[in-house]
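> Prediction below, plus the sequence it came from.
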Amino acid sequence: MQRSRTQSVVVSAGVCALMFGLAGAAAAGGPLPALEGGDLAQGQFAAMHMLLQKTVLNINVATIDVRVDRGTQSRFAQIASGKSYAPDLGHQLALAAIDAKHAVVVMQFKRDIPLNRWIGVVKDSLEEARKAGLITRDVEKTVGDSLAEWFGALKDRGYEKDDRLIYAVMPDSVRSVVVSKGGQVLVDRVDPGHPGRRVVMGSYFATGSEFREPLLKSLFESAH
């Protein structure tokens with residue numbers, strides 16, 4: 001049975017946040033990751049945006065915003081300047097996005113999602129990731145068994161409308177933050193290691209991701 005778009009957005013949120021726990025997370029704290037500042041780029045080919053909807057009923061599920069570093073912006077410009085979007089072009093842009101050294105991804109939920117439902121769908125997604133060769137069976141089991149503990153702060157609450165799930169992707173770490181509509185930080189963890197960058201960006205831009213084309217098209221459209 002084909003997954004709904006609601007399930008898919010939950011899957012992406014889960015896999016991105018959870019596959020790094022094996023490296024030994026640390027409490028983060030400090031200013032929240034932002035879509036501006038530091039070496040994050042501005043202007044053409046710097047930002048992507050999409051609204052994810054549940055197709056049949058046109059229900060808004062989440063918005064996703066991505067901003068990349070100046071080096072990635074330069075690669076995007078080299079690939080896409082003066083061209084129209086096409087699948088081959090999108091593939092090149094996706095590879096550049098997956099290799100971004102620094103990026104910030106913000107997913108803002110537009111509906112409530114109970115934590116138990118989220119955990120169940122994430123476990124399904126871990127199985128799919130293992131089948132695709134992205135993770136081992138041991139990683140699948142360790143992450144799946146640890147979900148309730150890692151996200152215990154959301155046990156009774158779950159994800160609520162206008163919560164934000166934020167990733168700060170760096171060369172050597174990924175910071176994952178869950179922030180409520182009112183600004184309360186519910187989860188804040190830093191997971192060290194090189195693989196995290198490619199796992200996070202890959203979940204959005206790998207072949208088959210439903211986020212890939214809308215995000216890349218928005219990048220292209222914003223450049224013209």
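Received the coordinates, thanks. Residues are numbered from 1 along each chain as shown.
> Next, the residue lying farthest from the centre of the chain: phi, psi?
Ranked by distance from the centre of the chain (CA atoms, centre = their mean), the top residue is Gly82, with 28.3 Å. When quoted as degrees, to the nearest 10, the phi and psi of Gly82 stand at phi 80, psi 10.
> Leu93 too?
Here Leu93 shows phi and psi, under degrees, to the nearest 10, equal to phi -60, psi -40.
> wouldn't it be in contact with Ala77 here?
No: counting by CB atoms under 8 Å, Leu93 stays clear of Ala77, with 10.5 Å between them. (Each C-beta comes from the backbone N, C-alpha and C, glycine too.)
> Report all helices and strands that the helix or strand containing Thr72 contacts.
Under the criterion of DSSP states H and E, Thr72 resides in helix 70-80. Judged by 3 or more CB pairs under 8 Å, 6 or more residues apart in numbering; DSSP states H and E, the packing partners of helix 70-80 are helix 87-98, helix 212-222.
> most tightly surrounded among those helices?
helix 212-222 (a mean of 19; mean count of other CB atoms under 10 Å).
> Which elements pack onto that helix?
Checked by 3+ CB pairs under 8 Å, 6+ apart, helix 212-222 has strand 47-54, helix 70-80, helix 87-98, helix 195-205 packed alongside it.
> what about the longest strand in the chain?
strand 59-68 (DSSP state E).
> Which neighbours in the sheet does that strand have, and how are they oriented?
Taking DSSP bridges as the criterion, strand 59-68 sits next to strand 47-54 (antiparallel), strand 103-109 (antiparallel) in its sheet.
> angle of that strand against helix 70-80?
Relative orientation of strand 59-68 versus helix 70-80 (axes from the mean of the first three to the mean of the last three CA atoms, to 10 degrees): 100 degrees.
> Could you pull up the residues touching Asp163?
Residues near Asp163 by CB atoms under 8 Å, 6 or more residues apart in numbering: 108-109, 178-181, 186.
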